[in-house]
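Student: have a look at this prediction, sequence included:
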Amino acid sequence: MMNRVFAIMVFIGVPISVIGAIFHWPSVIMFIIYCLTIIALASFMGRATESLAIVAGPRIGGLLNATFGNAVELIISIFSIQAGLNEVVLASLTGSVLGNLLLVAGMAFLIGGIKFKRQKFNVYDARHNSGLLIFAVIVAFVIPEVFSMNLNLTNTVHLSVGIAIILILLYLAALFFKLVTHRGIYQDPSVVDDEEEEVPEWKKGKAIGILFLSTVAVAYISENLVHTFESVARSFGWSELFIGIVIVAIVGNAAEHASAILMAYKNKMDVAVEIAFGSTLQISMFVAPVLVILSLFFSHPMPLVFTMPELVAMVTAVLLSIILANDGETNWFEGATLLAAYIIMGIGFYLL
């Protein structure tokens with residue numbers, strides 16, 4: 001039933017989004033239309049990811065979902081850098097880290113935990129991701145902030161580019177480690193696979209095609225959505241920082257939100273955790289470094305220097321998510337804890 005509703009929303013929402021953008025309909029109305037259409041498109045991305053996860057396994061399925069989901073934010077951020085909105089880009093990157101670790105994982109743990117008393121996932125993958133999260137956020141993001149206090153802008157940019165290259169190389173090495181050299185070696189014996197063999201809703205080619213087309217549509221609508229933020233901010237009294245950290249991050253990662261919650265509801269926690277944590281790693285170790293390098297080709301280079309509230313929030317989110325997920329199992333209360341942390345930070349950034 002819901003799939004049919006989302007399909008109707010897509011077939012109506014996408015043409016209206018195009019027409020509204022061409023004829024410049026009121027920003028507040030288009031803001032609502034864009035958001036609803038992106039949510040509907042996210043459901044298609046979730047179903048495509050589920051089909052790919054059945055065919056290719058949870059790691060590849062989660063990785064594909066994170067990649068296509070983050071492509072939206074990458075496109076939005078490139079346009080923002082071109083316009084000189086480096087602070088908004090850094091805020092949206094912060095929002096993605098907080099959103100994935102606290103909001104996405106929190107909602108997935110909460111919804112899945114309400115249906116199932118205990119949910120387990122691969123503890124070895126969780127610990128592997130934990131180490132990368134500590135490196136990417138606590139080491140690679142904090143170091144530029146510390147050294148920038150005694151460096152001029154040019155040297156800070158040089159330091160950021162060096163760190164960006166190291167992050168990209170380590171991220172590619174991590175993928176090679178998980179998908180090639182050590183694929184299937186670290187299996188958690190406590191997770192018993194007693195489910196019946198599932199049949200994917202869509203075949204691999206169709207699922208990839210739908211995932212690609214949905215991402216293109218989401219990218220187009222998201223770009224138009226960004227242009228409504230200024231008017232909507234004036235109407236609701238939101239700051240640019242709040243828009244970047246909360247609104248842009250939530251909308252830009254709508255596909256991952258829906259997919260992770262759907263997987264957790266079906267007790268496919270390996271995929272749900274891979275989406276939440278894998279997307280965070282991809283944002284911090286690939287998307288952010290790529291944006292730093294691409295910014296060199298524009299008139300406003302973007303150093304990898306966040307504000308102190310952004311850094312503290314990200315470090316706190318990393319430590320909290322690691323503590324709760326490092327045992328390889330979760331429940332609804334842990335999800336509520338992550339959501340509570342996200343709400344507290346959201347209030348703080350709203351008041352800033």
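Tutor: Everything's here; your move. Numbers count the residues shown, from 1 in each chain.
Student: three-state assignment of the residue in the chain sticking out farthest from the centre?
Tutor: Most distant from the centre of the chain: residue 150, at 32.4 Å, with distances by CA atoms, centre = their mean. At residue 150 the chain is in coil, as set by DSSP: H, G, I helix; E, B strand; the rest coil.
Student: can you read off the backbone torsions of it?
Tutor: Dihedral pair for residue 150: phi -120, psi 10, per degrees, to the nearest 10.
Student: roughly how far does it sit from residue 144?
Tutor: Between residue 150 and residue 144 the computed distance is 12 Å (CB to CB, to the nearest Å). Backbone N, C-alpha and C define where each C-beta goes, glycine included.
Student: try residue 299
Tutor: Residue 299 is 21 Å from residue 144, by CB to CB.
Student: more neighbours, the two?
Tutor: residue 144 (22 against 8; other CB atoms under 10 Å).
Student: quick one: residues contacting that one.
Tutor: 156, 159, 160, 163, 303, 304, 305 (CB atoms under 8 Å, 6 or more residues apart in numbering).
Student: buried residues in stretch 17-25, which are they?
Tutor: Across stretch 17-25, burial judged by 16 or more other CB atoms under 10 Å covers 17, 20, 21.
Student: correct me, but the last one touches residue 224?
Tutor: Yes - here residue 21 lies in contact with residue 224, judged by CB atoms under 8 Å, at a distance of 4.7 Å.
Student: between those two, what contacts are shared?
Tutor: Going by CB under 8 Å, 6+ apart, residues that sit against residue 21 and also against residue 224 are residue 30.
Student: residue 123 versus the closest residue to residue 121 other than its chain neighbours, what's the distance?
Tutor: Sequence neighbours aside, residue 269 is the residue nearest to residue 121 in space, at 3.9 Å (criterion: CB to CB, 6 or more residues apart in numbering). Counting by CB to CB, the gap from residue 269 to residue 123 is 11 Å.
Student: so those two - more neighbours on which side?
Tutor: Neighbours around residue 269 and residue 123, counted as other CB under 10 Å, are more numerous at residue 269. The numbers are 25 against 18.
Student: read off the pLDDT value for that one.
Tutor: On pLDDT, residue 269 comes in at 87.
Student: kindly report the same for the one 5 residues further on.
Tutor: Looking at residue 274, its pLDDT is 81.
Student: can you list contacts of stretch 217-236?
Tutor: Residues outside stretch 217-236 that contact it (CB under 8 Å, 6+ apart) are 10, 14, 17-18, 21, 27-28, 30-31, 34-35, 37-38, 41-42, 45, 71-72, 75-76, 79-80, 238-240, 243, 247-248, 251-252, 254-255.
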